[in-house]
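Trainee: Kindly return the folded structure for what I paste below:
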Amino acid sequence: MARKKWIRLDNASKIFLATMTSTDTKVFRLSAAVRDEIDPDILQEALDETYQYHRLYHVVLRRGIFWYYLEDSEQRPLVQLDDQPACAEIYHHDEKNLLFRVLYYRNRIHLEVFHVLSDGTGALWFLETLLYNYTIRRYPEVFQNKALNYPGKGSQKQQFDDSFARYFGHEGEGLWAHPAQATIETVTRVGKAVGHAAVSVSGRAIGVAGQTTHKSYKERVYHVRGTTTPDNRMRLVEADMPVDEVLRLAHAVGTSLSVYLTALFIDAVYQDAPRHKGPLTIAVSVPVNLRNYFKSNSARNFFSTMRVTYTYGQNGPEGDSIESICRSLDNQFKEQLTEENLKKRLNQLRSYEEKLLIRLVIRPVKDLVLRVANACRNRTLTLSISNMGRVVFPEEVDPFIKQLYAQTSAARPQFSSICHGDRLTVCFTSPFVETEIQRNFICMLTDQGVPVTVAANRVSFEENFVKSEGV
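Mentor: Take a look at the predicted model:
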């Protein structure tokens, strides 16, 4: 019997396995609303075709003594009706399941991915291929004499590329790492507490890799509290709006769409926060697509994260306006997002992960340290955001795609934004029932004349009771 092919996890994957929970499943969802109701048989045909091209998606996750790894599988993915909570758990250690699923409901197609397999950019390439293959089969009269495949992004070899190893170290030398610099930036303290040599070495690695200074941890970072949902499903709120209207507001204060949305989110949280004496800091985790700085067609994880903050009560006569928040965020984005800074931090991290002591630590111990360190990092954050940018499909397919959505499992309130055509969709996810923060965000837009359409799921007993009673 031939031995199955396997590959090691990339840098960004290793933290997800150690820190996933029933609430934060490390699963994200990309969705497309198409013109007509979904035909599941045609969708299955499209998935079969797409699956053949995207070979990375043929793997299952296995556990070794010292590390996790991905192993090739001959399983065939089957489309499913979407009848479970969004971003439900995909990976179970006692099952050899594929690390993604394709769902449908009415006129929506959903791709859900376990973050160990790919990041949002890699998954978006899969979804683009799937939508192309579905559309040309769903409307054959429109696509006569057209090739029944989508060109995709890069070769299959490039899809498997570990770009972390290619740009920031020698491939195959690192056996334990985490997503770039920010994931366990406070593990130095954990290492001292545990007292083991391997943990201490890894802790020093995080100390040099982190983007926040010691001063940052003396800030009083605000943490959102709320009522957790009864069955741990996420609270989802979708806000759909014309992108040009929001760009107009962003340009009026001299900033980008991403910075403007982040500033609104920060202020929405502050409006809901209890008032305290003295300054109050809101800290946001922002993913960075490293493909924008280092050329890569890898479909695997190739991202970092940065931490940006805004402190209320320290801005003198100017006050804490949206303009002042945007200026502060702009400066932090420009300072952190340079190729030189990114490469310096990631190279420092790689030098520590290659230490022999780290290699010799067994997987359960590594997982334990990562969980404790991740909890320490979470204490330095208030929110998370992600901007997927603008997505453009081939011109013959684009008219059949009405709208795109991005959602991710949430350990804290967060949003994911994505643009298609003239529409911007901001999808909020949260582990809490309350929606005051989302309401504040949307009201700040509607108060300035932006028309926003809002949809939300039901999560509380009271909401589901109203639904069952037909009210």
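Trainee: From one end of stretch 265-282 to the other, what's the distance?
Mentor: 10 Å (CA to CA, to the nearest Å).
Trainee: What are the buried residues along that stretch?
Mentor: Buried residues in stretch 265-282, counted by 16 or more other CB atoms under 10 Å: 265, 266, 267, 268, 269, 270, 272, 273, 280, 281, 282. Yep, even glycine has a C-beta here, placed from its N, CA and C like the rest.
Trainee: What about the residues you listed, which are in strands?
Mentor: Residues of the buried residues of stretch 265-282 located in strands (DSSP state E): 280, 281, 282.
Trainee: dump the residue contacts of residue 290.
Mentor: 163, 167, 180, 296, 302, 303, 304, 342 (CB atoms under 8 Å, 6 or more residues apart in numbering).
Trainee: Give the next helix or strand downstream of the helix or strand of the chain with the lowest mean pLDDT.
Mentor: In the chain, no helix or strand scores lower on mean pLDDT, DSSP states H and E than helix 197-209, which sits at a mean of 36. Next in sequence after helix 197-209, counting helices and strands by DSSP states H and E, comes strand 235-242.
Trainee: Can you give the contact residues for that next one?
Mentor: So strand 235-242 is contacted by 86, 229, 403, 405, 407, 422-435, 438, 441-442, 445, 450-457, 459 (CB under 8 Å, 6+ apart).
Trainee: so of these, which ones are in strands?
Mentor: Those of these lying in strands (DSSP E): 403, 405, 407, 423-430, 453-456.
Trainee: helices or strands up against the longest helix belonging to the chain?
Mentor: Longest helix in the chain, counting residues (DSSP state H): helix 120-138. The helices and strands touching helix 120-138, judged by 3 or more CB pairs under 8 Å, 6 or more residues apart in numbering; DSSP states H and E, are strand 27-34, helix 40-53, strand 100-105, strand 108-114, strand 280-289, strand 383-391, strand 401-408.
Trainee: Given the first one, what are its sheet partners and their directions?
Mentor: Sheet partners assigned to strand 27-34 using DSSP bridges are listed as strand 108-114 (antiparallel), strand 401-408 (antiparallel).
Trainee: average pLDDT across the helix or strand that comes right after the longest one?
Mentor: Going back to what we said before, that points to strand 401-408. Using DSSP H and E, the helix or strand that directly follows strand 401-408 along the chain is strand 414-420. On average, the pLDDT along strand 414-420 is 98.
Trainee: Please apply the same query to stretch 273-285.
Mentor: Here the average pLDDT along stretch 273-285 is 90.
Trainee: Likewise for stretch 342-354?
Mentor: Rounded mean pLDDT across stretch 342-354 is 73.
Trainee: Over to stretch 18-38?
Mentor: On average, stretch 18-38 scores 95.
Trainee: Check stretch 300-315 too.
Mentor: 93.
Trainee: sorry, back to before: and the ones in strands among the contacts of strand 235-242, which are buried?
Mentor: Among those, those classed as buried by 16+ other CB under 10 Å are 403, 405, 407, 423, 424, 425, 426, 427, 428, 429, 430, 454.
Trainee: Export those to a markdown table and append columns for distance to residue 369.
Mentor: Supplementary listing: these in a markdown table, determined by distance: CB to CB, whole Å:
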| residue | distance to residue 369 |
| --- | --- |
| 403 | 42 |
| 405 | 35 |
| 407 | 30 |
| 423 | 43 |
| 424 | 40 |
| 425 | 38 |
| 426 | 35 |
| 427 | 33 |
| 428 | 32 |
| 429 | 27 |
| 430 | 28 |
| 454 | 41 |
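Trainee: ok, back up a step: need the strands paired with strand 27-34 in TSV (columns: mean pLDDT and distance to residue 5).
Mentor: Below are the strands paired with strand 27-34 laid out as TSV (pLDDT from 0 to 100; distance: least, CB to CB, whole Å):
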stretch	mean pLDDT	distance to residue 5
strand 108-114	99	19
strand 401-408	98	29
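Trainee: what's residue 162 in contact with, if anything?
Mentor: 7, 8, 10, 171, 298, 300.
Trainee: Can you name the two of the residues you listed that sit furthest apart?
Mentor: By the measure CB to CB, 8 and 298 form the most distant pair in the contacts of residue 162, at 13.8 Å.
Trainee: Between the two, which has more neighbouring residues?
Mentor: Applying other CB atoms under 10 Å to residue 8 and residue 298 shows that residue 298 carries more neighbours, namely 25 against 17.
Trainee: Relative to residue 7, how far out is the more buried one?
Mentor: 12 Å (CB to CB, to the nearest Å).
Trainee: Now for these two: what residues contact both?
Mentor: With CB under 8 Å, 6+ apart, residue 298 and residue 7 have common neighbours 160, 162.
Trainee: Number of residues surrounding the residue nearest to residue 405 when sequence neighbours are not counted?
Mentor: The shortest distance from residue 405 to any non-neighbouring residue, by CB to CB, 6 or more residues apart in numbering, is to residue 31 (4.1 Å). Residue 31 has 24 neighbouring residues, counting by other CB under 10 Å.
Trainee: Residue 31 contacts residue 111, correct?
Mentor: Yes. Counting by CB atoms under 8 Å, residue 31 touches residue 111, with 7.4 Å between them.
Trainee: Find the pair from the buried ones among the ones in strands among the contacts of strand 235-242 with maximum spatial separation.
Mentor: 423 and 430 (22.6 Å).
Trainee: Quick one: the contacts of residue 162 as a markdown table, columns for secondary structure and distance to residue 324 too.
Mentor: Below are the contacts of residue 162 laid out as a markdown table (DSSP: H, G, I helix; E, B strand; the rest coil; distance: CB to CB, whole Å):
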| residue | secondary structure | distance to residue 324 |
| --- | --- | --- |
| 7 | strand | 47 |
| 8 | strand | 45 |
| 10 | coil | 38 |
| 171 | coil | 45 |
| 298 | coil | 38 |
| 300 | coil | 39 |
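Trainee: Pipe those into CSV and attach distance to residue 319 per row.
Mentor: Output for the contacts of residue 162, formatted as CSV (distance: CB to CB, whole Å):
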residue, distance to residue 319
7, 52
8, 51
10, 44
171, 51
298, 45
300, 45
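Trainee: Can you tell me which of those is nearest residue 381?
Mentor: Closest approach to residue 381 among the contacts of residue 162 (CB to CB): residue 10, at 22.7 Å.
Trainee: Touching, the closest one and residue 300? I think so.
Mentor: Yes. Between residue 10 and residue 300 a contact is recorded at 5.0 Å, counting by CB under 8 Å.
Trainee: How is this structure partitioned into domains?
Mentor: 6-146, 218-337+373-468 (automatic domain parsing).
Trainee: got those domains as JSON lines, with distance to residue 346 columns?
Mentor: Listed next are those as JSON lines, based on distance: least, CB to CB, whole Å:
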{"stretch": "domain 6-146", "distance to residue 346": "8"}
{"stretch": "domain 218-337+373-468", "distance to residue 346": "7"}
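Trainee: Those: which one's closest to residue 159?
Mentor: domain 218-337+373-468 (4.1 Å).
Trainee: in the chain, which segments are predicted with low confidence?
Mentor: Residues of the chain meeting the criterion pLDDT under 70: 1-4, 146-152, 169-218, 316-318, 349-359, 461, 463-471.
Trainee: between the strands paired with strand 27-34, which one is nearest to residue 252?
Mentor: Judging those by CB to CB, what sits closest to residue 252 is strand 401-408, at 25.6 Å.
Trainee: Done for today, thanks.
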